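Undergrad: I would like to see how this sequence folds:
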Amino acid sequence: MGLTTPGAKAPSLHQPANLANQLHLIKDLLSAPITALVDDSSKIKEILEQIESQLPELLRVKLWPAGHLPFFRAEVKAAQQRIEARRSQVSLKTDIAQKCKALNQKKATLDAKADISENTRRLNLLEKELMELEEKVRNTQRLIQEEKASIANSKQEAQEMTEQIQAEFAEISTLSRQIISGDDKDDEEIIARADAVRAEAIHAIEGFLN
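TA: The predicted structure is shown next:
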């Protein structure tokens, strides 16, 4: 039996005591958590079907959704699961942030080591000095060898750090794919919409009874 359609005859101004009791019962049932009501609001629906002919049209319209809250079940459950999943991933997000910070520091070090322009400039000056000052050949050649060794070491270190950064970046990418997209605010709004139906029904009952 469904709710009566708009335009139905309005009930008497003197409502039986049983109607007030039934409305108080609906209000009490609606005080349950929204998570429970989206699972089962059949008791509310059953009471509404029993008293619908005694209710003013406006009150019937406001109370009708409260008897069909399971329509929100899938959305509310999914929103709850996403919120719980995000909250369980706080440590994972922190770990990723720390790894990103460390990776950025290593990348800065790599950039500094990869820049061998200063080494090359000094090498060219030393080679020119070698040509102009043969009396300094021995010392100049030693300096040249040192600079060459420095360049070689920098290249080796840069290669090793590049491989390490690539491996850590791959790890961060793998961890990042585990993050559930979206925002708690969006899912909380879904839950709030369902809860608003419950609250509006309670308010309507209170307004009618008062």
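Undergrad: What's the local residue count around residue 41?
TA: For residue 41, the tally of surrounding residues (other C-beta atoms under 10 Å) stands at 25. Just so you know, the C-beta spots here come from the backbone N, C-alpha and C atoms, and that holds for glycine as well.
Undergrad: doesn't residue 65 make contact with it?
TA: No. Contact between residue 41 and residue 65 fails when scored by C-beta atoms under 8 Å: they sit 9.5 Å apart.
Undergrad: Give me the common contacts of these two.
TA: Counting by C-beta atoms under 8 Å, 6 or more residues apart in numbering, residue 41 and residue 65 have no shared contacts at all.
Undergrad: so how far is residue 198 from residue 89?
TA: Separation of residue 89 from residue 198 (C-beta to C-beta, to the nearest Å): 30 Å.
Undergrad: out of these two, which sits in the more crowded spot?
TA: When residue 89 and residue 198 are compared on other C-beta under 10 Å, the one with more neighbours turns out to be residue 198, at 23 against 16.
Undergrad: Check which helix or strand that one maps to.
TA: For residue 198, the element it lies in under DSSP states H and E is helix 184-209.
Undergrad: Counting by contacts, list what that helix packs against.
TA: The helices and strands touching helix 184-209, judged by 3 or more C-beta pairs under 8 Å, 6 or more residues apart in numbering; DSSP states H and E, are helix 17-30, helix 34-37, helix 57-63, helix 73-88.
Undergrad: how about a cut-off of 10 Å?
TA: Using 3 or more C-beta pairs under 10 Å, 6 or more residues apart in numbering; DSSP states H and E as the contact test, the elements touching helix 184-209 are helix 17-30, helix 34-37, helix 42-51, helix 57-63, helix 73-88.
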